[in-house]
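In: I would like the atomic coordinates for the input below:
(2 chains)
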Protein chains: 2
Amino acid sequence: MYRAGSKLAAPALRAARAPATSATTRRFLASKTQPQQATAAAVASNASFSVPPPDAASSRFFPNEVEQPIIKTQIPGPNSAAAIKDLDRVFDTRNLSMIANYEQSHGNYIADLDGNVLLDVYAQIASIPVGYNNPSLLQAATSPEMISGIVNRPALGVFPQHDWARILEQGILRACPKGQTQVFTSTTGSDANELAYKAAFMWRKQQERGGYNVDFTKEEMESTMNNMAPGSPNLSIMSFKYGFHGRLFGSLSTTRSKAIHKLDIPAFNWPQAPFPMLKYPLAEHAEENAKEEARCLAEAEHIMTTWSDPVAAIIIEPVQSEGGDNHASPDYFRKLREITKKHNILMIVDEVQTGVGATGKFWAHEHWDLPTPPDMVTFSKKAQMAGYFYGNEELRPNKAYRQFNTWMGDPSRAVLFGAIFDEIKRLDLVENTRITGDYLFSGLESLQQKFPEEIKNLRGKGQGTFIAFDSPRRDDVLKRAKSIGVNIGGSGVSAVRLRPMLVFQKRHADQLLERLEKVFASK
Amino acid sequence: MYRAGSKLAAPALRAARAPATSATTRRFLASKTQPQQATAAAVASNASFSVPPPDAASSRFFPNEVEQPIIKTQIPGPNSAAAIKDLDRVFDTRNLSMIANYEQSHGNYIADLDGNVLLDVYAQIASIPVGYNNPSLLQAATSPEMISGIVNRPALGVFPQHDWARILEQGILRACPKGQTQVFTSTTGSDANELAYKAAFMWRKQQERGGYNVDFTKEEMESTMNNMAPGSPNLSIMSFKYGFHGRLFGSLSTTRSKAIHKLDIPAFNWPQAPFPMLKYPLAEHAEENAKEEARCLAEAEHIMTTWSDPVAAIIIEPVQSEGGDNHASPDYFRKLREITKKHNILMIVDEVQTGVGATGKFWAHEHWDLPTPPDMVTFSKKAQMAGYFYGNEELRPNKAYRQFNTWMGDPSRAVLFGAIFDEIKRLDLVENTRITGDYLFSGLESLQQKFPEEIKNLRGKGQGTFIAFDSPRRDDVLKRAKSIGVNIGGSGVSAVRLRPMLVFQKRHADQLLERLEKVFASK
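Out: From the prediction side, this is the model:
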């Protein structure tokens, strides 16, 4: 079957070479006992502690991880069952997969209330970046900037804090994709996408109006108060079949994943284009796949140039995630970019799930080598903050208060992103994910040879740990995997979706592969 | 002019009678120095400190507040000007009012970078509940629940934490308005409203379909994937002229405040009804005002029963805030409620700005004595978390994953709300706001007698500190007030909008009144 490589992966080696600092690095600093001013800094000075270095002996990124999953009861066990029943009185638990004890969860492992500890390759919904109770993040969580952001949450657009520029520059702006220079911060993936749509519509109307300084007409000012054109124009965002971009009213109009996400909710008359459905293994279907991509591109161009409500922008995921882990080639995306450029339509890349390292690049669209950068890139989830990047100054609206809301994001989450980014750099986690992903993919290829009926359309090669395959008995596979210690998510109709954290290492991949093998053998 | 009352207001008295605990209450607890597991609890155990009691000598709610505003430079001063210039490189500063130093801001006072300290009766955008650097909130900010919520942010719908029921029950559910029993948590006011709209549309279609267990048709399932009816139905939410409900696509379609908020953004074909424009003082215009309200109710009923896209719900603010501080009588709201009941249309009360104590009731709609409770109540801002309350079980969608998103709110903000609620109870801050509001209103009435041309349409009597008046030179008044130490916001075209925090006391009201008098005298 799959063979565990005999060498340590590069980041693990680097971790092993990290200087062994004193034993006191894990000790909390003694706090002052004098009366103090009640401020964030004073509180924080009592809470700081040092981050331990990677453990040289075990090549671990941080301590406290269990050796492997621990299964003590059925899941849910008795304590969890009681807690779920209790929670259901006040909170809808029908979507619940597991009730967790995060105090007992470390690194790649999620604990429940019955002593079960699962290897977590779902990572909430692909949203935990660097492990549960990551020490660097615990440190950031008790920093003065964090505490002040929580207690004194500013309306960033009107009363920003003195260090907001620094928080952005030492945080999210260090992660700016190539070609982007500015960020507009928000709170979730859904609103990040919607704010990008708003920027696109304002830009489009500005083009039509004849420039940045041309004022609104009286007719526009009046009609918009009645939700009518021309002030509230009949423009559209084009998305792709199976795409997922959120569940608020604008974002839901671009979401095409499943009916249950959309039913009974009014939607805009916005178009969708087909997304290529590739055949696997890619090497064996090169010609058909190229034809499929060409067909989809032609159809996309047709729709975006003929739709009744003119298309201001398209939005696309580098890998369609919720919709079933659908990939397309870099060539497809390059050509799509050229089509948008040709028709002066903006291209928004939705990196809410693909971004922040999981594909072996910091941003998944870096895999494409685009001729010109996307107009906007949206993010959330693993970033733990949300927003959109842009590079073109014309996408800053021409007047104040056009792109605006009360909080405009959250400085405490922006501080957290800074710590996440530092941690990614400190442990070289994008490279780790690339290497571990290749290792995992090879292991899955071996498993596929042994169980060709269980693993279909294995995909995500060279995409870090952003790997998926179709399973004819998907829900059963996920359930059995959980019962022997691995938490895995699904996507689309039949996909097993792997979304480990960036601290997922070779030994975790081995544990996953061993358990998948058990599941497949236990039909 | 206005006369400072000679007696302490009731809550201040209560504070003065609070037992004087030992001098050590302001000291931080010594922390352990042994190596510890890196977990939220371990970090938190080093960060906790006691909350000081209200200061008996000065009847202050908490220490560290300055005696009065401090003005050292023009605003912005040289340090602020440099910081604004620096920030503008990476963040749109055109909406900026003041760059703040929150480390130096305490209680009701906001500090800048030039040593200026302003009495803050804007409180960000009416969103700071219990003062800057409130010691109780600082304590909550370093609790294990908070730190875990930040570092291990769960997807609450799928992997909720073991104490989520307890956080809800000890937090937001204690604040449930009468008639509401459940809460759906979210992140901002905009998405809270949109989630309520979604619940309303699902409920409406369920009614049409014939009940909770009737399944979707094939036609619905297919049409919704193309954003078409019947799956994506042409239903609507009715809002009111000048109302503000947010700026995402669904919420913006109900927002009717100003054209600049709406221009160039596609909108749904949703209707607006007129909102009563009352004349002040109310006592002198009782008959006209009753007629105006009757006219508006008739028009609202006409629109909600005849609009082309059937109205599933109406949404209304207890006091239209962004739109200019427009009030209506309790009788108007009671009749409006009756009309919605009569036509089986849901009533959503948007308490994003009015909620959490500022009107002298915890929820502003408690002033109305409604015959039946609202179907949903939305909240955000001072709650520092967001969501909607509901009481009718039928508003829980009939299947899983219909009302759902990745994070479903934020446990760290829910923990903070618990601390805010405790603080409100501990210091009886709703009652404080009622009493201080009455005191402030009287002072403004006196000022109005002296400066009848400066204070027009004084409104908000009996509504706590939720007070406003129109000013013929509004922007100039706000600017001058800032220059002598008071930060005030505007709303609508000409309203001076007062939105002090709940810890605003009589002496702060005096400082505000004194400075307003100076402004009016300095034309």
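In: ok, residue A:74 - how many residues close by?
Out: 13 (other CB atoms under 10 Å in any protein chain shown). No exception for glycine: its C-beta is placed from N, CA and C like everyone else's.
In: likewise residue A:422?
Out: Number of residues near residue A:422 (other CB under 10 Å) recorded here: 19.
In: wait, it sits on residue A:137?
Out: No - Residue A:422 is beyond contact range of residue A:137, at 9.7 Å (criterion: CB atoms under 8 Å).
In: need the nearest residue in space to the residue in the stretch 401-523 of chain A that chain B sits nearest to, chain neighbours excluded.
Out: At 4.8 Å from chain B, residue A:406 is the closest residue in the stretch 401-523 of chain A, using CB to the nearest CB. Nearest residue to residue A:406 in three dimensions, chain neighbours excluded: residue B:125, at 4.8 Å (CB to CB, 6 or more residues apart in numbering or on different chains).
In: ok, the one you found touching residue A:158?
Out: Yes - assessed by CB under 8 Å, residue B:125 is found in contact with residue A:158 at 6.8 Å.
In: the residue nearest to residue A:406 in helix, strand or coil?
Out: Assigned with DSSP: H, G, I helix; E, B strand; the rest coil, residue B:125 falls in the helix class.
In: related to what we said a few turns ago, part of a helix, is the residue of the stretch 401-523 of chain A closest to chain B?
Out: No - Residue A:406 is assigned coil when assessed by three-state DSSP, not a helix.
In: which residues touch it?
Out: For residue A:406, the contacting residues are A:155, B:124-125, B:127, B:188-189, B:380-381, by CB atoms under 8 Å, 6 or more residues apart in numbering or on different chains.
In: now with 7 Å, please.
Out: By CB atoms under 7 Å, 6 or more residues apart in numbering or on different chains, residue A:406 lies in contact with A:155, B:125, B:127, B:189, B:381.
In: which one of the residues you listed is nearest to residue B:399?
Out: Using CB to CB, residue B:189 comes nearest to residue B:399 of the contacts of residue A:406, at 26.8 Å.
In: wait, the closest one touches residue B:385, no?
Out: No - the criterion here is CB atoms under 7 Å, and residue B:189 misses it with residue B:385 at 10.7 Å.
In: look at these two and report which has more neighbours.
Out: residue B:189 (31 against 26).
In: separation between that one and chain A?
Out: Taking CB to the nearest CB, to the nearest Å as the measure, residue B:189 and chain A are separated by 7 Å.
In: circling back to that earlier point, which two from the contacts of residue A:406 end up farthest apart in space?
Out: A:155 and B:189 (12.0 Å).
In: enumerate the residues of the stretch 201-350 of chain A near chain B.
Out: Proximity of the stretch 201-350 of chain A to chain B (CB under 7 Å from any CB of the partner chain) is limited to residues A:201-202, A:205, A:216, A:220-221, A:224-225, A:227, A:231-235, A:247-250, A:253, A:256, A:259-260, A:262-270.
In: any chance of a markdown table for the contacts of residue A:406, columns distance to residue B:95 and pLDDT?
Out: Formatted as a markdown table, the contacts of residue A:406 follow (distance: CB to CB, whole Å; pLDDT from 0 to 100):
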| residue | distance to residue B:95 | pLDDT |
| --- | --- | --- |
| A:155 | 9 | 96 |
| B:125 | 11 | 96 |
| B:127 | 15 | 97 |
| B:189 | 17 | 97 |
| B:381 | 17 | 98 |
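In: neighbour-wise, give me the winner out of these.
Out: In the contacts of residue A:406, the most neighbours by other CB under 10 Å go to residue B:189, 31 neighbours.
In: which residues sit in contact with that one?
Out: A:406, B:246, B:352, B:378, B:380-381, B:386.
In: how about a cut-off of 6 Å?
Out: When contacts are counted by CB atoms under 6 Å, 6 or more residues apart in numbering or on different chains, residue B:189 touches B:246, B:352, B:380, B:386.
In: quick check: closest non-adjacent residue to the last one.
Out: The spatially closest residue to residue B:386, leaving aside those adjacent along the chain, is residue B:380, at 3.7 Å (CB to CB, 6+ apart).
In: ok, the one you found touching residue B:353?
Out: No - Residue B:380 sits out of contact with residue B:353 when judged by CB atoms under 6 Å, with a separation of 8.5 Å.
In: the nearest residue to residue A:223 once chain neighbours are set aside: how many residues sit nearby?
Out: Closest residue to residue A:223 apart from its sequence neighbours, by CB to CB, 6+ apart: residue A:231 at 3.9 Å. Residue A:231: 24 surrounding residues under other CB under 10 Å.
In: what segments of the stretch 401-523 of chain A are strands?
Out: A:456-459, A:467-470, A:486-487, A:489-491, A:495-498 (DSSP state E, counting those that start in this stretch).
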